[in-house]
Each structure stands twice: as structure tokens, then as C-alpha cells.
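**Student:** curious how this folds, go ahead:
(one chain, ligands or ions: 1)
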Amino acid sequence: MSELHKFLFDGLPVRGVLVRVTDAWTDILARRNSGNAEGAYPLPVQNMLGEMVAAATLMQSNIKFNGSLIMQIFGDGPVKLAVVEVKSDLGLRATAKVSGTLSSDASLSMMVNVNNEGKCAITLDPANKFPGQQPYQGVVPLFGDQHEKLESLSQVLEHYMLQSEQLDTTLVLAADDKVAAGLLIQRLPLEGVGNLAGSLVSQANEDEIGVNEHYNRIAILASSLKREELLTLDVDTILRRLFWEESLVRFEPLVGEQAPHFSCSCSRERVVNMIRGLGLEEAQSILTERPDVEVACEFCGEHYRFDPVDVAHIFAPPGDVPPGTTSVQ
Ligand SMILES: [Zn+2]
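**Tutor:** Residues are numbered from 1 along each chain as shown. Here you go, the predicted structure:
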């Protein structure tokens, strides 16, 4: 079963989160295998999407935010788009669009950054937006300081965290067809230390980047975690092996109903709005070729069907519903 563990290093300005997404991840893969005409993901795409699931879950659990964290990679290669959405309650969904063929050992850049034009976007979409409020979005390229292509998602996201939060972060990510797992280690921000306030605190925070000896020591320990260990060992064993010389304060783990779980927010009502957006002409032209308008959710595989009567109802003016028809909403 999926589980998420938070911990602090006693007396040190460093915190950590370890996540293992199991049932929710195999659920995502099973829905893809059965519900999508394109079939199962190629192996490297599966592993990249799994790492995104682990990373997005770690980042969502690491911020105090009521809403969705959406991680998107806009690729310039065979993978055009990969998306993971994690809500505050750790309900999550994920999907990727693949066109063309990929070798089974394709690297990150071969999938999404062939011409060094791939991008990664993180969007924070509040649950209760006031009118006109825009979601916050940060975008980072998939290359490093010297424009060199980055070959691990963790490096891309470490850059993002440094840019957006001015905090040193170490991520270790791994995924296969059974588990999407990740470890996040982050330096804690300074909060109003001594007489420092406002801009002085943020300056002091920036001055700490890369130089905090406790963070650096713990980050090196975390980075020694191997992919195989992260995928196969239980949480207690991982934390003991990495940090046996450190003093850990562990919080109650999120398991069972609180653990990361599959959740899709699609609905017939949303699809109705989408068809309305297409326009009557477009919807009718689909109906000249097929018995109904069929829309499949990319995330959960649910199929929504609308026959000609449903479509007429969707475009009927309010209050002008032909007798004998049933509501489609
Ligand atoms: Zn869905």
C-alpha cells in the first residue's frame, strides 16, 4: 500500500519526506493498458511518469497549500506531454502522450528534450479561487547552467526549487511498473532570525544556499541512495541505512485513506461543457461519421458517450428542452 513519511533532523535546519506510491501507481498503469487505444507506455516513459508521480506527491506534501499541484513536461521529442496532478488530500492522476517509437533505453532528453526546447511547468491551482484569480505557474527548461541537457528529472526539479523557493533541495526518484518512489531532503528556510526581517531574511536565506554544512552532509547521504534500494526496501530500512548517525524526528506516516491514492476529477458535466465549447457544427459533423460523440478521459480511461438526442439537448437554449428527453447532466 502507498505511504508517505515526513521527518526532521533534530535541531538542524533540514527536513525530509519519503514516499512510496504503489497501488495508486499500478492503478494508473492498469487504466492506461486497458482503456487507451495506444496501449501500455513504453518502458522509459512509464519510468519517467512514475518519477513525476513521486516528485509531484513529495512537492505537494511539502507545501501548505489547498489546491492542485500540476506538474507538466512539454516535450519536443516523441513524448509531447506528460502530466501529473496531485491534490491536497494526495488524490492523484497522471497521463502521457507519446507519438512515434522509442528505444527501451531512451534517456530523458531522447524522450522530451531532443532540441533542448523541452520545458517543465509546475502549477499551483488553488481549490477556492476568487473571481479572476490566476493559478501560480513556474517554468524551468530541461537544461542546466551551461545549456547542457539534463538527464534526470530530479536535477530539473532541484533547479526549479532553487529558483522558486531559494531553498537547497535534493531529490532521489525511481519508478518501475510496481512502485513510484522518492526521497526529498530540503534545507528549512530561516524565519525572522534575531533582528532580521523581510528582505534581510530572504537575503540571509540566499546566503545560505549551498553552504549549510548540515544540509550538505545530509544531502550527500541522501544522494547515495540507489534506485534499486529506493524501489525495493521498506521505509524504515532506507532511513536507517542512510541516516543511522543522525537524530531523526519522525511524524505519523500518511497511510490508508490519508496515503497517496488515485483520484480523477473528470465528470459528464465537464465533458458537456467541452462539447459546448466545440460548437454545434463540429459536434454535428462528428455525428455524420459516427453514431455518437465519444470522449475518453486521458487520465482514468472513462468513456463518455453522447447520441444525437444528447447533443441536441446540450445545444438547446435553456428552458427549451424537447419533451421526452432526459437530462444529460
Ligand atoms: Zn477521468
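**Student:** C-alpha from now on. contacts and neighbour counts both.
**Tutor:** Noted.
**Student:** restrict stretch 231-250 to CA atoms and write it as PDB.
**Tutor:** Only the C-alpha atoms of stretch 231-250 are listed here, as PDB (Å, rounded to 0.1, in the frame of the first residue of the first chain):
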ATOM      1  CA  LEU A 231      12.300   0.700  -5.200                       C
ATOM      2  CA  THR A 232      12.700  -2.400  -3.100                       C
ATOM      3  CA  LEU A 233      13.500  -1.500   0.500                       C
ATOM      4  CA  ASP A 234      10.900  -0.600   3.200                       C
ATOM      5  CA  VAL A 235      10.900   3.000   4.500                       C
ATOM      6  CA  ASP A 236      12.400   2.100   7.900                       C
ATOM      7  CA  THR A 237      15.300   0.300   6.400                       C
ATOM      8  CA  ILE A 238      16.000   3.100   3.900                       C
ATOM      9  CA  LEU A 239      16.000   5.800   6.700                       C
ATOM     10  CA  ARG A 240      18.200   3.600   9.000                       C
ATOM     11  CA  ARG A 241      20.700   2.800   6.300                       C
ATOM     12  CA  LEU A 242      21.100   6.400   5.100                       C
ATOM     13  CA  PHE A 243      20.800   8.400   8.400                       C
ATOM     14  CA  TRP A 244      21.900   6.000  11.200                       C
ATOM     15  CA  GLU A 245      24.300   8.600  12.500                       C
ATOM     16  CA  GLU A 246      21.700  11.400  12.500                       C
ATOM     17  CA  SER A 247      18.900  12.100  15.000                       C
ATOM     18  CA  LEU A 248      15.600  11.800  13.200                       C
ATOM     19  CA  VAL A 249      12.300  13.100  14.500                       C
ATOM     20  CA  ARG A 250       9.600  11.200  12.600                       C
END
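**Student:** just checking, residue 74 touches residue 80?
**Tutor:** Yes - contact criterion CA atoms under 8 Å: residue 74 and residue 80 qualify, at 5.8 Å.
**Student:** who has more neighbours out of those two?
**Tutor:** The neighbour comparison of residue 74 against residue 80 (other CA atoms under 10 Å) goes to residue 74, with 21 against 17.
**Student:** give me phi/psi at the more buried one?
**Tutor:** Main-chain torsions, residue 74, degrees, to the nearest 10: phi -100, psi 100.
**Student:** over to residue 136?
**Tutor:** Dihedral angles (degrees, to the nearest 10) for residue 136: phi -80, psi 130.
**Student:** what's the closest non-adjacent residue to it?
**Tutor:** Ranked by CA to CA, 6 or more residues apart in numbering and with sequence neighbours excluded, the top spatial neighbour of residue 136 is residue 124, at 5.2 Å.
**Student:** can you pull the contacts of residue 2?
**Tutor:** If a contact means CA atoms under 8 Å, 6 or more residues apart in numbering, then residue 2 has 19, 20, 21, 22, 23, 24, 255, 256, 259, 260, 261 as its contacts.
**Student:** the same query, at a cut-off of 7 Å, please.
**Tutor:** Listed by CA atoms under 7 Å, 6 or more residues apart in numbering, the contact partners of residue 2 are 20, 21, 22, 23, 255, 259, 260.
**Student:** per-residue pLDDT, the nearest residue to it once chain neighbours are set aside?
**Tutor:** The shortest distance from residue 2 to any non-neighbouring residue, by CA to CA, 6+ apart, is to residue 21 (4.5 Å). Per-residue confidence (pLDDT) for residue 21: 98.
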